[in-house]
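Undergrad: I would like the atomic coordinates for the input below:
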Amino acid sequence: MATNVLSIEDAKNANIGIIEEGDRGVQAVHEVITAMRANRRSGTAQAKTRGEVSASNRKPWRQKGTGRARSGRTSSPVWRGGGVVFGPRNRDYSKLVNKSVRRLAFAKALSERIAEGDVLSVPAFSISDGKTKSFAKEVTGLTDGKRVLIVAKDFDDSTKLAGRNYASALLMSAGEVNVEHLLYFDKIILVDDAMEVLATRTGGKKKD
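TA: Numbering: from 1, shown residues only. Next up, the predicted model:
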């Protein structure tokens, strides 16, 4: 199967929203990537304060006359096993990014990869026998990239079966691919039926 390097003009002809201005969308990409990484954080790190540790309320020794510093409870942070001062607490790290910024970031990331010549187009991509060996042979015949993203409107079951154990390539539907995918992979292979979906996601118009 032959591949073609997708050019800026080809993308425009497919109604994909291309951003050619140098700085436009750069901040949007940063915000989206930051939000995606923040949203994956569990935020479950937590240390107990002096009011939460298991300890007796009994005063360790009397206030005066021992020659030692006064002490009120063994849950004090200065005691071994006591509470933690300013320790981590459960928190929500998630960030919200509005739809227009996400669309701008997606269009910017895709435009940059196309401009760099890292996006290839193929008429179709299917592995009929469902074998990983056949999948690997097909992918290596299309590109020599070490990490390959293959995007289509959808894939049949045999193709999904063939590709699920091949670590160097990832099958992704055009509706699910995100900015992080576009930036991570060395080469991106777009199947022709994905163009219409990508055109909608980048702010372009559907073909009549």
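Undergrad: quick one, helices of the protein?
TA: 8-13, 26-39, 99-115, 132-142, 157-163, 179-184, 195-201 (DSSP state H).
Undergrad: now the fifth one: how far from the chain's centre is it?
TA: If you compare the mean C-alpha spot of helix 157-163 with that of the full chain, they lie 23 Å apart, counting by Cα atoms, centre = their mean, to the nearest Å.
Undergrad: quick check: buried residues in it?
TA: 158, 159, 161, 162, 163 (16 or more other Cβ atoms under 10 Å). For every residue, glycine as well, the C-beta is placed using N, CA and C.
Undergrad: for that helix, packing partners?
TA: helix 132-142, strand 169-173 (3 or more Cβ pairs under 8 Å, 6 or more residues apart in numbering; DSSP states H and E).
Undergrad: recalculate using a threshold of 6 Å.
TA: For helix 157-163, the elements it packs on are helix 132-142, judged by 3 or more Cβ pairs under 6 Å, 6 or more residues apart in numbering; DSSP states H and E.
Undergrad: which residues does the helix it packs on contact?
TA: 3, 127, 148, 162, 163, 165, 166, 169 (Cβ atoms under 6 Å, 6 or more residues apart in numbering).
Undergrad: re the thing from before, closest to residue 91 among the buried residues of helix 157-163?
TA: residue 163 (37.9 Å; Cβ to Cβ).
Undergrad: so how far is residue 75 from that closest one?
TA: 56 Å (Cβ to Cβ, to the nearest Å).
Undergrad: go on, residue 9?
TA: Taken as Cβ to Cβ, the span from residue 9 to residue 75 is 70 Å.
Undergrad: so the two - more neighbours on which side?
TA: residue 75 (19 against 9; other Cβ atoms under 10 Å).
Undergrad: quick one, what contacts that one?
TA: With Cβ under 6 Å, 6+ apart, residue 75 has these contacts: 50, 53, 55, 82, 83.
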